[in-house]
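J.: Predicted model, plus sequence, below.
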Amino acid sequence: MIHLFTAFDLQPMPGQILKRHSFEFARRNIKESKVVNEVYYFGAKYSEAGIMTLYDEMNFLEKIFDYYEGANLQVVYVPHRDDSCFKLKIISERFGVSIKRLGCAAELYFSISDYRPSRISAAYSSVLNNLRHFWGGEACDSFVIPESMLNDDYKHAIRDVYSYYQSVGINLIQVEK
């Protein structure tokens, strides 16, 4: 019996049976996909959960959108299911960024799609860890949220996520406040 099935490099607890996977089945189709000049930025409920203010989140996103505009990449914002409608409206109207709900898990979406974006991006999200198994960490960008924008209760855990990303080869991009 398997107690934990994960793509993360975790150590099992005593008595726990752990099965690691790296999306072997899903990756079979994805390698032959056409690469398009887009970046899919995976959003999260940072302001909705109190991790940062909406004001800081919008300033943070603006820097990310500007970064990719400078690289001539079209940004597609993939919302988290708990992103507020108000936040999505700001992203669409203020920044002119298209919003795309995938309708299923990103890993499944890209395994059945006939195209893929040239970059996958987020501040921190499990999708970065999971999709690095598809294309390698070099196709995944993690934008580091300045600690001054974060609620103190979350700083340590978020630092740990960025440290993990660095250890597995995901690109860390520093963002200035």
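T.: Noted; the coordinates are in hand.

J.: longest helix of this protein?
T.: When secondary structure is assigned using DSSP state H, the longest helix within the chain turns out to be helix 54-70.

J.: which residues of the chain fall in strands?
T.: Along the chain, counting by DSSP state E, strands occupy 4-6, 18-20, 34-42, 74-78, 98-99, 115-122, 140-144, 171-174.

J.: for the protein, what are the low-confidence residue spans?
T.: 1-13, 16-32 (pLDDT under 70).

J.: Next, the contact list for the most centrally placed residue in it, please.
T.: When the chain is reduced to its mean C-alpha position, the closest residue under CA atoms, centre = their mean turns out to be Ala122, at 3.3 Å. The contact partners of Ala122, by CB atoms under 8 Å, 6 or more residues apart in numbering, come to Tyr41, Phe42, Gly43, Ala44, Leu128, Asp141, Ser142, Phe143. Backbone N, C-alpha and C define where each C-beta goes, glycine included.

J.: Contact partners for the last one?
T.: With contact taken as CB under 8 Å, 6+ apart, Phe143 is in contact with Phe60, Lys63, Ile64, Tyr67, Ser121, Ala122, Ala123, Ile173, Val175.

J.: so the second one touches Glu176, yeah?
T.: Yes. Using CB atoms under 8 Å, Lys63 is in contact with Glu176, at 7.5 Å.

J.: what about these two, which has more around it?
T.: Each of Lys63 and Glu176 had its neighbours counted (other CB atoms under 10 Å), and the higher figure belongs to Lys63 (14 against 6).

J.: check contacts around the more buried one.
T.: Residues in contact with Lys63, defined by CB under 8 Å, 6+ apart, are Phe143, Val175, Glu176.

J.: Return the closest of those with respect to Trp135.
T.: Proximity of the contacts of Lys63 to Trp135, judged by CB to CB, is greatest for Phe143, which lies at 17.9 Å.

J.: Cool, thanks, talk later.
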